[in-house]
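could you look at this predicted model? Sequence included:
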Amino acid sequence: MTRGQVPLGSICEVTAGPSGSLLESLQDGPDGVPVISPPDLTDHHTVDTRRLRRVPWSEAKRLSRFALREGDLLVVRQGALGRLALIEEEHATWFYSSSCLRLRPRREFVLPAYLVSYLSYPPVQRALLGQSLPGTVPSLNSTMLKELPVTVPPLDRQRSVVEALADVDARIRIQRLMADRLEALRPAIFGELIQGTRHR
């Protein structure tokens, strides 16, 4: 651990998901409390809510210690290691599966949005993967994650980092939208060109 770094466990509460036996009643359909699983975490660190499974309302009380709050992070601990998502207000009170670890940042030390960016930084991702337990399905546990070194600048610097990255993300979205529009126009332009109706 280098100067200026602290263990993740000193700035976050790290909690493993409920055991499989507690989620035996998972079901498809619109009724019940949603349970977020690794396939629901997107490449953009958000939650895809289209295919969520749920536990019946009657089971919610015994799972209450696994309820999510706005600002929590979910990290995949089995299989697709390195995937993570920031929990938004709309996901509060939902649960998460046994294949995830919940990070609850201590906000007096670290901003959730900064921590998402830090944990998705390629060198940190490589460090996470390097810590994984060998086996048919690579995995992490809460002890490993708690020991991960994290660079934690002052909160004002963290805010500056988050704002700068948000600006970059906005520019990326604009460029992707422009590329998608050009891609959609390409067949029409080709058709006009071969018919001789389009002039340079």
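Yep, that arrived. What you see is a predicted model, and the numbers here were worked out from it, not measured in a lab.

point out where the protein drops to low pLDDT.
Within the chain, the stretches with pLDDT under 70 are 1-3, 21-22, 135-136, 197-200.

just give the nearest non-adjacent residue to the residue nearest to the spatial centre of it, would you?
Residue closest to the mean C-alpha point of the chain, counted by Cα atoms, centre = their mean, is residue 85 at 1.5 Å. Once flanking residues are discounted, residue 85 sits nearest to residue 41: 4.4 Å by Cβ to Cβ, 6 or more residues apart in numbering. Backbone N, C-alpha and C define where each C-beta goes, glycine included.

ok, now which ones touch the residue nearest to the centre of the chain?
Applying Cβ atoms under 8 Å, 6 or more residues apart in numbering, we find residue 85 in contact with 36, 40-42, 45-47, 73-74, 116.

and if we set it to 7 Å?
By Cβ atoms under 7 Å, 6 or more residues apart in numbering, the contact list for residue 85 reads 41-42, 45-47, 74.

can you tell me the SS state at it?
strand (DSSP: H, G, I helix; E, B strand; the rest coil).

what bridges to it?
Beta-bridge partners of residue 85, counted by DSSP bridges, are residue 74.

from residue 97, how far out is it?
13 Å (Cβ to Cβ, to the nearest Å).

surely residue 17 meets residue 66?
Yes - with contacts counted by Cβ atoms under 7 Å, residue 17 reaches residue 66, the gap being 6.5 Å.

which residues do these two both contact?
By Cβ under 7 Å, 6+ apart, the residues touching both residue 17 and residue 66 are residue 96.

which parts of stretch 117-126 are buried?
Applying a neighbour-count criterion of 16 or more other Cβ atoms under 10 Å, one finds 117-119, 124 buried in stretch 117-126.

out of these, which are inside helices?
The subset of the buried residues of stretch 117-126 located in helices under the criterion DSSP state H comprises 117-119, 124.

wait, what's in contact with residue 9?
Residues touching residue 9, when contacts are defined by Cβ under 7 Å, 6+ apart, comprise 146-147.

state the distance from it to residue 180.
Residue 9 sits 42 Å away from residue 180, taking Cβ to Cβ as the criterion.

my guess is residue 92 meets residue 71, correct?
No - when contacts are counted by Cβ under 7 Å, residue 92 is not listed as touching residue 71 (9.1 Å).

those two: who's more crowded?
Counting neighbours by other Cβ atoms under 10 Å for residue 92 and for residue 71 shows that residue 71 has the greater number, 18 against 13.

I figured that one hits residue 113, correct?
No - the pair residue 71 and residue 113 does not pass the contact test of Cβ under 7 Å, sitting 8.7 Å apart.

so what are the domain limits for the protein?
Partitioning the chain according to automatic domain parsing yields domains covering residues 5-152, 153-200.

residues near residue 33, how many?
By other Cβ under 10 Å, 16 other residues sit near residue 33.

beta partners of it?
For residue 33, the residues forming beta bridges with it (DSSP bridges) are residue 55.

same for the strand or helix carrying residue 164, what does it pack against?
Per DSSP states H and E: residue 164 is located in helix 155-195. Here helix 155-195 touches helix 112-119, going by 3 or more Cβ pairs under 7 Å, 6 or more residues apart in numbering; DSSP states H and E.
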